[in-house]
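S.K.: I'll drop the sequence and a predicted model, then ask my questions.
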Amino acid sequence: MLVAAAVCPCPPLLVPEVAAGAAGELAEARAACADAVAVLAAARPDRLIVVGTSEEPARGTHPQGAPGSFRGFGVDLDVHLGPADPEAPADRELPASLAVAAWLLERASWSAAPVTGIGVDERLPTERCVETGRELAAQHARVALLVMGDASACRTLKAPGYFDERAEAFDAEAARALAAADLAAVESLDAELAHQLKAAGRAPWQILAGAARETDLKGELLYDQAPYGVGYLVAAWS
């Protein structure tokens, strides 16, 4: 059963070494993510599952201790998913979304529960997202989810996806749904529109919605900004 969840954005720029001189611009977002991760630890789960989008071949399950790095972003920085595990395979790196999650967990000195990572297709259909969430929640008696994903990338002319007048309304509805832990509203986010707006968080959020069925978790929105024209949302459910 799902006992807590944290929703965090996953731009590599969240990592100060990657952001370099611009690191201060996301200090508030990092602080909100730290608060959300603290909610997970306080719930005392017996398993933490980290969910984020991924390209092939990094989709699927990543065990505790799986390696990741930010070398592709010009930074000599390596991370591992949760506490180190010498038996974790070293030949399959974490996707970027899970690498950012691994950095957040290392920053929090995570030791509250074993960790598993799952990389999913950004275009995974809503129905499959919901079913995946239900399956994850049923795997352990006390499951916590760390859900990694950005909102739209089309909020300004200089945004990665350029400006799209639909982006602000999409992000506002996503923020409202996550703040209220409104499962129906999260599941109702339009998958095709999310793809057009480059909102990679849609699939992980809907996995969360599926996992939260049969619970009475309450939501709290900790951060809602769009630096660089990309919507970043941080929420905690407990």
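M.R.: Structure's in. What do you need? Numbers count the residues shown, from 1 in each chain.

S.K.: Let's test this: mean pLDDT of the helix or strand containing Ala175, rounded?
M.R.: Element membership of Ala175, judged by DSSP states H and E, is helix 167-180. In this model, helix 167-180 has a mean pLDDT of 98.

S.K.: CA-only coordinates of it in PDB, if you can.
M.R.: Written as PDB, here are the backbone C-alpha positions of helix 167-180 (Å, rounded to 0.1, in the frame of the first residue of the first chain):
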ATOM      1  CA  ALA A 167       1.100  25.300 -21.500                       C
ATOM      2  CA  GLU A 168       0.200  27.600 -18.600                       C
ATOM      3  CA  ALA A 169      -3.300  26.200 -18.300                       C
ATOM      4  CA  PHE A 170      -2.000  22.600 -18.500                       C
ATOM      5  CA  ASP A 171       0.600  23.300 -15.700                       C
ATOM      6  CA  ALA A 172      -2.000  25.100 -13.600                       C
ATOM      7  CA  GLU A 173      -4.300  22.100 -13.700                       C
ATOM      8  CA  ALA A 174      -1.500  19.700 -13.000                       C
ATOM      9  CA  ALA A 175      -0.400  21.800 -10.000                       C
ATOM     10  CA  ARG A 176      -4.000  21.900  -8.700                       C
ATOM     11  CA  ALA A 177      -4.400  18.200  -9.000                       C
ATOM     12  CA  LEU A 178      -1.200  17.400  -7.300                       C
ATOM     13  CA  ALA A 179      -1.800  19.900  -4.500                       C
ATOM     14  CA  ALA A 180      -5.200  18.300  -3.800                       C
END
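
S.K.: quick one: contacts of it?
M.R.: Applying C-beta atoms under 8 Å, 6 or more residues apart in numbering, the external contacts of helix 167-180 come out as 7, 151-155, 159, 161, 182, 185-186, 189-190, 193-194, 197, 199, 201-202, 205, 219-221, 224, 226, 231, 233, 235. From N, CA and C alone the C-beta is placed, and that goes for glycine too.

S.K.: May I see the buried residues of the longest helix belonging to the chain?
M.R.: Taking DSSP state H as the criterion, the chain has its longest helix at helix 27-42. Buried residues in helix 27-42, counted by 16 or more other C-beta atoms under 10 Å: Ala29, Arg30, Ala32, Cys33, Ala34, Ala36, Val37, Val39, Leu40, Ala41.

S.K.: One more: stretch 109-116?
M.R.: Quick answer for stretch 109-116 (16+ other C-beta under 10 Å): Trp110, Ala112, Ala113, Pro114, Val115, Thr116.

S.K.: Adding secondary structure, distance to Phe70 and pLDDT as columns, could you present those in JSON lines?
M.R.: Shown next, in JSON lines, are these (DSSP: H, G, I helix; E, B strand; the rest coil; distance: C-beta to C-beta, whole Å; pLDDT from 0 to 100):
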{"residue": "Trp110", "secondary structure": "coil", "distance to Phe70": "18", "pLDDT": "97"}
{"residue": "Ala112", "secondary structure": "coil", "distance to Phe70": "24", "pLDDT": "94"}
{"residue": "Ala113", "secondary structure": "coil", "distance to Phe70": "25", "pLDDT": "97"}
{"residue": "Pro114", "secondary structure": "coil", "distance to Phe70": "24", "pLDDT": "97"}
{"residue": "Val115", "secondary structure": "strand", "distance to Phe70": "19", "pLDDT": "97"}
{"residue": "Thr116", "secondary structure": "strand", "distance to Phe70": "21", "pLDDT": "97"}
